[in-house]
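>>> Turn this into a model:
(2 chains)
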Amino acid sequence: MIAPQKVIDDALAAATVDETIVIVRDRAEASLRWANSSMTTNGVSMGRSTSVLSIVWDGGTGHVGSVQTGEVDPAVIRDVVAASEAAARAAPGARDSASLITGSGAPDDWDDAVPTTGAEVFGDLAASLSRGFKGPDALYGFARHELATTFVASSTGVRRRFTQPTGSVEINAKRDGASAWAGVGTPDFVDVPVDQLLSELSTRLGWSKRTVSLPAGRYPTLMPPSTVADMMIYLVWMMDGRAAQEGRTALSATGGGTRVGERLTQSPVTLYSDPLAEPLQCRPFVATSSSSETVSVFDNGMDISRVDWIRDGVINALAYPRAAAAEFGEPLAVAADNLLMTGGDASLDEIIARTERALLLTTLWYIRTVDPTMLLLTGLTRDGVYLIEDGKVSAAVNNFRFNESPLHLLQRATEVGATEITLPREWGDWATRAAMPALMIPDFYMSSVSQAQ
Amino acid sequence: MRARGGIDADFLELPRQRLADAALTAATEAGASHADLRIHRTVTEVIQLRDATLQTSVVSRELGLAVRVIVDGTWGFASHAELAPEVAADTARRAVQVARTLRALNGDNVRLASEPVYRDAEWVSSYQTDPFDVPTADKIAVLGDYSERLLSADGVDHVSAGFHGVKEQTFYADVYGSSITQQRVRVLPSLEAVAVDAAAGSFDSMRTLAPPTARGWEAVVDDDIWNWSGELAEIPSLLTEKMKAPTVTPGPTDLVIDPSNLWLTIHESIGHATEYDRAIGYEAAYAGTSFATPDLLGKLRYGSQVMNVTADRTVDFGLATVGYDDEGVAAQCWDLVDEGIFVGYQLDRVFAPRLGETRSNGCSYADSPHHVPIQRMANVSLQPGNENLSTADLIARVHDGIYIIGDKSWSIDMQRYNFQFTGQRFFAIRNGELVGQLRDVAYQGTTTDFWGSLEAVGGESTWRLGGAFNCGKAQPGQVAAVSHGCPSALFRGVRVLNTMTEAGH
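Model (predicted):
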């Protein structure tokens, strides 16, 4: 394959319209999957996507063409540019038109080689797993490592690149009808604590020696960080400013306007995304081939800053790309590819130790919107609901279907724990970078019992 | 009607056989007992309009080659974006290396069910107008026209319009001698009207019922395939009525479910539950398992006597319809549920022998050259009844119930027991007649209880194909498109929820 920098140079050189943006994303991925204590699928892949965005200006209105390809034959670059330009010439004007971000040339690492990965990163993991496979519990799970290097360049001088490492190990263990889950994110597959995960799973399966059947209803419930992440990620996805302004989201205010400024909780909860948050760093600039409610192609190359979506318990920001921010007179806010929440300092074990009686969840699954006016979500508990009695886990409980809103959960939480890096279960395919506290909800609503184990 | 064109010349001009020879020879020389090569190209167009104004329009192309090998009973997979013989050979050697590196983790000796060899086979799906032969500006104009029809009506404040078109081409070759080239097309048109009552702080929406389909642009451009004019004309008044409709009383309720809603319940509670890989734990850590385990095959009462379900890779316009799957197995049609009894699974070439079958039923699919083929869903469909009942006949049997139309929210647990669905439109039934809409409705159930409460199915005249583009499965995540046909159907005593009550209001 020719180098991504060469693809960019060739595409910009072939461009004939007013302005052009080129985004190249090189992706190397290795994955390993197992079930019933045996490997099932695996693979290594090398892929590239090249996006050419062509812009034809008509006064202050941009007409955009966007063509993306995974083809790597150098001969196709001219075709892609031509197709993008033809699309731009035929396109209606874009509502999110804004002058392109300008730049002053390539950063020092621009010409560096693109890093790759392969099955060799699983060496240590495979050794630990092999031992686990010989143990008494049936193991299921998935490990993946991905290095995605994104280049953004424009005819207005933007040159930015970023390599995003993404990795995770998830293990599901089953014993005598009980199921438990543990997962961890890892950017580099160095020192992944597989033995510790296996030990934790064994402890949790041990909790299932005693089982208690509980009916549907409202329960004091301790949500560990992974479950909080899945609910809060969905909340942030629903925080687009335009729709809220139009009165069509749960963040719209009765009578018009939005709920920004409204206090949700007395707890000093702050929910934010920040590309520089260690060790959950992510791409600090916009790179998109498609405009949506929350991002604009005209913002390609623009810095992404920290956004406090909720600050000290108050709804603080909604997502606005530049054009929408100008249209509504609101602050620019673009979400980085991570999500963090702070607000307390007690560890999960400390909260358990002082809890008289509550459910302890492990993960959530199949979360979907039921009623967008309240952001009411449904979903299932998965791979471990436990009963806390007198400061200790005393038994395993059946699974439930819940109907709850992340906004209501924040309003009702009676305790916020210490922030921990966690792996969201439901949205982990898209959102692996999360740090969340546990939440104690006094009356979490379990709508019905699920027989699933 | 099958108006078939050929496979696009630019795909046929790729050096398919040279790449296959290079990869399969390299794999065999490196020690593979099985090898197959797939060249996979997809072209995708996504257009979104917001209030009749263009929000985005993107064409994406994906092209690459994938090599799958078995070495010493262990799978190895590798892919690459570059289509050159030396890259194909190198990718094959990398796949062999992956298998060797991870051999120690494999406890199952992989064996494949045999399949006849298909040399130089070609297959093209049934469509009339390749959506990629239609200028994007023309598509935007049609969506703009449809949007304006909704926006100009009373009671509609906002309109979202979307078009998603896909053309997928594959070339498959294996060491046994099969070489198969295929091309298929699918489209997903959608319009949604939104009504806002700012003073009350409420809003609601209603979406068109036009299903995604393995047809071309002909399904979108006019009223020949789908009655766009009729549906766009009735949505504003339906939405206005829904905004003012009474809230539902929760409790056990008789339901007549329209095919536009029931397809998704079938997908979740039957389609995924009869995937053999799920039933034996391959998806346990992710998509989940199934209550329909192999020991229950031929014994489990899945539903009532009138429940007959087939899996089908051959139905015209089905999103999962193909000539051959991604392991070179020819398309088939078979029974999953027969008179309420669970009788069949969806299989690939590895799972067929594990179940004791001699042949795969052709359910292997990968969504990208960079993903390994896995077992994916056929078009799983509920069969119509012989009595030729109409939807009105079913409604006439209900004293006090709800007629549900269109899909919206969906969720089901990891063993496919407990589900909850909402819909687009809910009509109260009183004494066998529709008496106006209801709101805040969801229905919840356990799969075998729900299908056990199926009293009657409509006839052939009520049977429709619904479906989805975005069925997710596996890690790394893969999406697949699949259709589900069904008649209208009558269920007794299903648990209906009031979603406001569920939220604590």
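
>>> So which residues of chain B form helices?
Listed in chain order, the helices found in chain B under DSSP state H are B:9-12, B:16-29, B:85-102, B:136-151, B:218-221, B:228-244, B:259-266, B:276-279, B:351-355, B:391-396, B:447-452, B:499-502.

>>> One more: the stretch 301-450 of chain A?
A:322-328, A:348-353, A:406-412 (DSSP state H, counting those that start in this stretch).

>>> Tabulate those helices in JSON lines, adding columns for mean neighbour count, mean pLDDT and distance to residue B:290.
Yep, even glycine has a C-beta here, placed from its N, CA and C like the rest. As requested, the helices of the stretch 301-450 of chain A are exported to JSON lines (neighbours: other CB atoms under 10 Å in any protein chain shown; pLDDT from 0 to 100; distance: least, CB to CB, whole Å):
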{"stretch": "helix A:322-328", "mean neighbour count": "18", "mean pLDDT": "98", "distance to residue B:290": "44"}
{"stretch": "helix A:348-353", "mean neighbour count": "16", "mean pLDDT": "98", "distance to residue B:290": "32"}
{"stretch": "helix A:406-412", "mean neighbour count": "21", "mean pLDDT": "98", "distance to residue B:290": "30"}
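
>>> circling back: any chance of the helices of chain B in a markdown table, with distance to chain A and mean pLDDT too?
Output for the helices of chain B, formatted as a markdown table (distance: least, CB to the nearest CB, whole Å; pLDDT from 0 to 100):
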| stretch | distance to chain A | mean pLDDT |
| --- | --- | --- |
| helix B:9-12 | 11 | 96 |
| helix B:16-29 | 13 | 98 |
| helix B:85-102 | 5 | 95 |
| helix B:136-151 | 4 | 98 |
| helix B:218-221 | 17 | 98 |
| helix B:228-244 | 12 | 98 |
| helix B:259-266 | 11 | 98 |
| helix B:276-279 | 9 | 98 |
| helix B:351-355 | 11 | 97 |
| helix B:391-396 | 26 | 98 |
| helix B:447-452 | 10 | 98 |
| helix B:499-502 | 4 | 96 |
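
>>> Columns mean neighbour count on top of the ones you listed, output as CSV?
As requested, these are exported to CSV (neighbours: other CB atoms under 10 Å in any protein chain shown):
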stretch, mean neighbour count
helix B:9-12, 12
helix B:16-29, 20
helix B:85-102, 22
helix B:136-151, 19
helix B:218-221, 21
helix B:228-244, 17
helix B:259-266, 25
helix B:276-279, 26
helix B:351-355, 19
helix B:391-396, 19
helix B:447-452, 20
helix B:499-502, 20
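
>>> Test my guess that residue B:448 contacts residue B:296.
No. Counting by CB atoms under 8 Å, residue B:448 does not reach residue B:296; the two are 10.5 Å apart.

>>> and residue A:432, how many neighbours?
Residues lying near residue A:432 (other CB atoms under 10 Å in any protein chain shown) number 24.

>>> nearest spatial neighbour of it, skipping sequence neighbours?
residue A:185 (5.0 Å; CB to CB, 6 or more residues apart in numbering or on different chains).

>>> Next, count neighbours for the one you found.
Residue A:185 has 21 nearby residues by other CB under 10 Å.

>>> Can you tell me how far residue B:285 is from residue A:40?
Distance, residue B:285 to residue A:40, by CB to CB, to the nearest Å: 10 Å.

>>> the more surrounded of these two?
Taking other CB under 10 Å, residue B:285 and residue A:40 do not tie; residue B:285 has more neighbours (27 against 24).
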